[in-house]
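> what shape does this take:
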Amino acid sequence: MPLTNTEMDAFLAERHTVVVATLQRSGAPQLSTTWYRWDGQALWISTNRNRAKYRNLRRDPRVTVLVDDPPAETSVVGYGRAEMAAVDEAAYEGALAIVGRYVDDPVGYLAEREGEPRVLIRIRLDKVISWKPDDERR
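A predicted model of the protein is given here:
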């Protein structure tokens with residue numbers, strides 16, 4: 001059974017990871033798991049510009065994402081496009097908002113990575129498919 005919009009927003013606000021599927025130059029999929037932040041309209045991720053997912057998204061912005069919670073049998077799959085929103089120091093606040101969902105000291109975490117070629121990426125979803133168990137099955 002699909003999640004309602006309210007249920008989906010609540011699920012995506014929980015601390016899960018997102019699997020990001022991009023396309024390699026050969027057309028083969030490339031998968032990577034990363035931290036994210038959902039703002040109610042888009043998923044935000046932060047990575048380095050030397051990563052395969054960044055290079056793939058620069059060449060072809062189409063993306064598929066999966067946020068999954070197997071014990072709860074709940075998942076959200078989204079199809080959309082990625083946009084490079086900010087780089088380097090301009091990406092810091094966005095990265096801080098993401099990292100702060102996962103670690104106790106996000107400032108320290110990012111300080112250890114200072115100087116990395118950081119990029120903040122917004123993923124706008126054109127299509128979303130979600131599911132959760134039917135209440136009768138529980």
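
> beta-bridge partners for Val18, please?
Thr34, Val67 (DSSP bridges).

> elements contacting the helix or strand bottoming out on mean pLDDT in the chain?
Counting by mean pLDDT, DSSP states H and E, the chain has its least confident helix or strand at helix 106-111, which shows a mean of 87. On a contact count with 3 or more CB pairs under 8 Å, 6 or more residues apart in numbering; DSSP states H and E, helix 106-111 meets helix 92-99. All C-beta spots, glycine's among them, are computed from the backbone N, C-alpha and C.

> quick one: mean pLDDT for the helix it packs on?
What helix 92-99 shows for mean pLDDT is 92.

> pull out the buried residues from that helix.
Buried residues in helix 92-99, defined by neighbour count with 16 or more other CB atoms under 10 Å: Tyr92, Gly94, Ala95, Ile98, Val99.

> now do stretch 35-47
Within stretch 35-47, the residues scored as buried using 16+ other CB under 10 Å are Trp35, Tyr36, Arg37, Trp38, Ala42, Leu43, Trp44, Ile45, Ser46, Thr47.

> returning to that earlier point: go through the least confident helix or strand of the chain and flag the buried ones.
Buried residues in helix 106-111, counted by 16+ other CB under 10 Å: Pro106, Leu110.

> am I right that Asp126 is in contact with Tyr79?
Yes: counting by CB atoms under 8 Å, Asp126 does reach Tyr79; the two are 5.9 Å apart.
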